[in-house]
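Trainee: Return a 3D structure for these sequence lines:
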Amino acid sequence: MTESILNTIKKMLGIPTTDTAFDEDIIVNINSTLMTLQQIGVGPDLVFSVTGVTELWADLLTDPAMYQATKTYVYLSVKLVFDPPATSFILDAISRQKEEYLWRLTVQVPIPPDPIVPVEI
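Mentor: Got it, this is the predicted structure:
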């Protein structure tokens, strides 16, 4: 989990990590996806943002069980916006896969205990 979030997504998109021409576009899409994940409880309580190659997966996730699914979800989300497939068949397949990962991550998030409210008698 010591990999750079930006570099991981660039590699998965087939972009060399040394090529910085698309970094801003990729970062914007990563951050939009991280906002979605934060809203379902994945990641830190405060909104987490990527600004470059210094943000690591370990900075975002403390539960190693969520690492691979989170990485895949971020990749699929960025791919659909940054480099969408040419055919609707592949677009639909990737969209369904992305939604399944989101559902599975939602299920994986631990449910916080109900706060105990003292009752005065």
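
Trainee: Return the distance of the residue nearest the centre of the chain relative to residue 87.
Mentor: What sits nearest the mean C-alpha location of the chain, by C-alpha atoms, centre = their mean, is residue 74, with 3.5 Å. In this structure, residue 74 lies at 23 Å from residue 87, with C-beta to C-beta, to the nearest Å as the measure. All C-beta spots, glycine's among them, are computed from the backbone N, C-alpha and C.

Trainee: Do you have the helices of the chain handy? List them.
Mentor: Secondary structure of the chain (DSSP state H): helices at 5-13, 23-40, 57-60, 67-82, 88-108.

Trainee: Columns distance to residue 51 on top of the ones you listed, output as JSON lines?
Mentor: Converted to JSON lines, those look like this (distance: least, C-beta to C-beta, whole Å):
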{"stretch": "helix 5-13", "distance to residue 51": "9"}
{"stretch": "helix 23-40", "distance to residue 51": "7"}
{"stretch": "helix 57-60", "distance to residue 51": "11"}
{"stretch": "helix 67-82", "distance to residue 51": "15"}
{"stretch": "helix 88-108", "distance to residue 51": "23"}
